[in-house]
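Return atomic coordinates for the entry below.
(one chain, ligands or ions: 1)
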Amino acid sequence: MKREKAMDSNQITREYFDEILIEMRHIDGVLPDTTMELYGKTFRTPVMMAALSHLKGKGGEGDGMVQMAEGAQLSGAVNWAGMGSDEQFAAIARTEVPTIRIIKPYADESLVLSALEQAENLGALAVGMDIDHSFSSRGEYDNVLGFPMRPRTLKEIEAYCRRTSLPFIVKGVLSPVDAKKCLEAGAGGIVVSHHHGILPTVVPPLMVLPEIAEVIHGQIPIFVDCGIMNGTDAFKALALGATAVSVGRAVMGGIAENGSQGAANVINDITAELAAVMARTCSPDLHHIDPSLLWKRDGKRLR
Ligand SMILES: Cc1cc2nc3c(=O)[nH]c(=O)nc-3n(C[C@H](O)[C@H](O)[C@H](O)COP(=O)(O)O)c2cc1C
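Model (predicted):
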């Protein structure tokens with residue numbers, strides 16, 4: 001008999017976004033302000049690039065990660081960077097866009113420490129680790145392009161937070177249990193994410209977000225990614241407790257088509273869609289989005 005495959009987490013996540021509906025409120029409405037303050041800097045939008053890697057640029061030419069950084073600069077958004085070479089990070093830094101660099105959980109600790117140091121020297125906005133990349137899909141330690149990975153203990157994360165002068169962000173938090181540990185470690189932020197479906201059948205970020213937001217209780221920023229495709233998706237995440245959202249695969253199409261301007265266009269379009277929802281829900285700014293605006297398709301309010 002054919003074995004059933006486990007459910008695809010990206011599909012479950014998309015379905016959950018579409019389960020959530022938004023009520024409208026117009027009386028006392030104002031033009032919305034999408035400005036975001038983060039780590040002492042001001043951005044035009046809470047819609048950010050995602051920590052991507054190995055990207056080809058416009059029409060398959062050039063470095064897609066650098067073009068993404070230029071796109072973030074053009075759109076006034078926060079840039080993120082995933083795995084890459086020292087030269088790539090230096091080129092990204094030359095764009096002068098505030099960038100959050102996510103370091104892989106390398107088994108070789110010296111790689112982590114030198115990446116932390118380079119991020120500081122290049123003036124990164126923050127630094128972090130995608131802790132969800134420590135295991136492979138067969139329950140072994142992961143290996144990314146020949147680099148062995150391993151998981152981190154709470155004590156090790158605590159040590160990174162103490163060691164670096166930058167906010168240290170833990171990427172790949174999908175449980176209030178881990179969120180509590182991140183607070184204990186002194187993390188400067190978390191990314192609620194399943195790394196575009198790194199494990200099948202996992203809970204959608206937005207389903208677990210309210211519980212995580214209760215644990216975090218406004219003490220550090222909460223970033224959310226996975227499947228954010230438009231401004232209503234971003235609005236739902238913000239209403240449920242996200243400080244900001246990251247957009248990965250949706251930006252990749254923009255880069256392939258039109259490089260840095262293509263990446264900027266995706267961020268600008270999602271931001272405009274977000275503003276449209278904020279305007280029609282009496283949400284004046286990012287700090288005043290009422291979670292009771294959200295409904296489930298079954299006719300009950302979500303919160
Ligand atoms: C091509 C590609 C490369 C990625 N590389 C990294 C990486 O190096 N580090 C990391 O933390 N996440 C990486 N990610 C995961 C993204 O940061 C993000 O968590 C994920 O794509 C979900 O967001 P999305 O649905 O908007 O794409 C990568 C994703 C893609 C599609």
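
residues near the residue nearest to residue 28 when sequence neighbours are not counted, how many?
Of all residues not flanking residue 28 in the chain, residue 282 sits nearest, at 5.9 Å (Cβ to Cβ, 6 or more residues apart in numbering). Using the backbone N, CA and C atoms, a C-beta is placed for each residue, glycine as well. Applying other Cβ atoms under 10 Å, we find 18 residues neighbouring residue 282.

Which residues are in contact with residue 282?
By Cβ atoms under 8 Å, 6 or more residues apart in numbering, the contact set of residue 282 is 25-30, 290.

Looking at those residues, state which has the most neighbours.
residue 29 (15 neighbours).

Now for that residue: which residues touch it?
Neighbour list for residue 29: 279-280, 282 [criterion: Cβ under 8 Å, 6+ apart].

Please flag which of those residues sit within helices.
residue 279 (DSSP state H).

Closest to the ligand out of the contacts of residue 282?
Nearest to the ligand among the contacts of residue 282 is residue 290, at 25.3 Å by Cβ to the nearest ligand atom.

ok, so what distance separates the closest one from residue 303?
Using Cβ to Cβ, to the nearest Å, one gets 9 Å for the distance from residue 290 to residue 303.

ditto for residue 131
Residue 131 is 28 Å from residue 303, by Cβ to Cβ.

now residue 36
With Cβ to Cβ as the criterion, residue 36 and residue 303 are 22 Å apart.

Between the two, which has more neighbouring residues?
Shown here are residue 36 and residue 303; by other Cβ under 10 Å, residue 36 has more neighbours (23 against 12).

what residues are up against whichever residue of the chain sits closest to the ligand?
Going by Cβ to the nearest ligand atom, the ligand is nearest to residue 82 of the chain, at 2.2 Å. When contacts are counted by Cβ under 8 Å, 6+ apart, residue 82 touches 51-53, 65, 102, 104, 130.

Those residues in helices, which ones?
Per DSSP H, these map to helices at residue 65.

Closest to residue 96 out of the contacts of residue 82?
residue 65 (15.1 Å; Cβ to Cβ).

measure that closest one to residue 206 for me?
27 Å.

more neighbours, the two?
Neighbour comparison, residue 65 and residue 206: the larger count goes to residue 65, with 29 against 26 (by other Cβ under 10 Å).

Check whether the more buried one really touches residue 50, as I assumed.
No: Residue 65 is not in contact with residue 50 according to Cβ atoms under 8 Å; the separation is 11.1 Å.

in stretch 167-179, what's buried?
167-174, 176, 178-179 (16 or more other Cβ atoms under 10 Å).

and it with the ligand, contact?
Yes: using Cβ under 6 Å from any ligand atom, we find that stretch 167-179 touches the ligand at residue 171.

hmm, back to that, would you list the contacts of residue 282 in CSV and tack on pLDDT and distance to residue 95?
Output for the contacts of residue 282, formatted as CSV (pLDDT from 0 to 100; distance: Cβ to Cβ, whole Å):
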residue, pLDDT, distance to residue 95
25, 98, 39
26, 98, 40
27, 98, 43
28, 96, 41
29, 96, 37
30, 97, 34
290, 98, 37
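
for the ligand, what are the nearby residues on the stretch 101-250 of the chain?
Going by Cβ under 6 Å from any ligand atom, the residues of the stretch 101-250 of the chain near the ligand are 102, 130, 171, 193, 195-196, 225-228, 247-250.

any weak-confidence spans in the stretch 1-150 of the chain?
Along the stretch 1-150 of the chain, no part satisfies pLDDT under 70.

Show me the helices in it, by range?
9-19, 64-75, 86-94, 109-121 (DSSP state H, counting those that start in this stretch).

Now the shortest one: buried residues?
Using 16+ other Cβ under 10 Å as the burial criterion, the residues of helix 86-94 that qualify are 88-89, 92-93.

ok, now the first one?
Judged by neighbour count (16+ other Cβ under 10 Å), helix 9-19 contains these buried residues: 9-10, 12-14, 16-17, 19.

thinking again about what came up before, so which of the buried residues of stretch 167-179 is the closest to residue 273?
Using Cβ to Cβ, the buried residues of stretch 167-179 come closest to residue 273 at residue 171, 24.9 Å.

phi, psi of the nearest residue to the closest one once chain neighbours are set aside?
Spatially, and ignoring its direct neighbours in sequence, residue 171 is nearest to residue 191 (3.9 Å; Cβ to Cβ, 6+ apart). Here is the backbone geometry of residue 191 (degrees, to the nearest 10): phi -110, psi 120.

where does residue 191 land on pLDDT?
Looking at residue 191, its pLDDT reads 99.

Could you pull up the contacting residues of it?
51, 128, 169-173, 223-225, 246.

Can you list which of those residues are found in strands?
Members of those lying in strands (criterion: DSSP state E): 128, 169-173, 223-224, 246.
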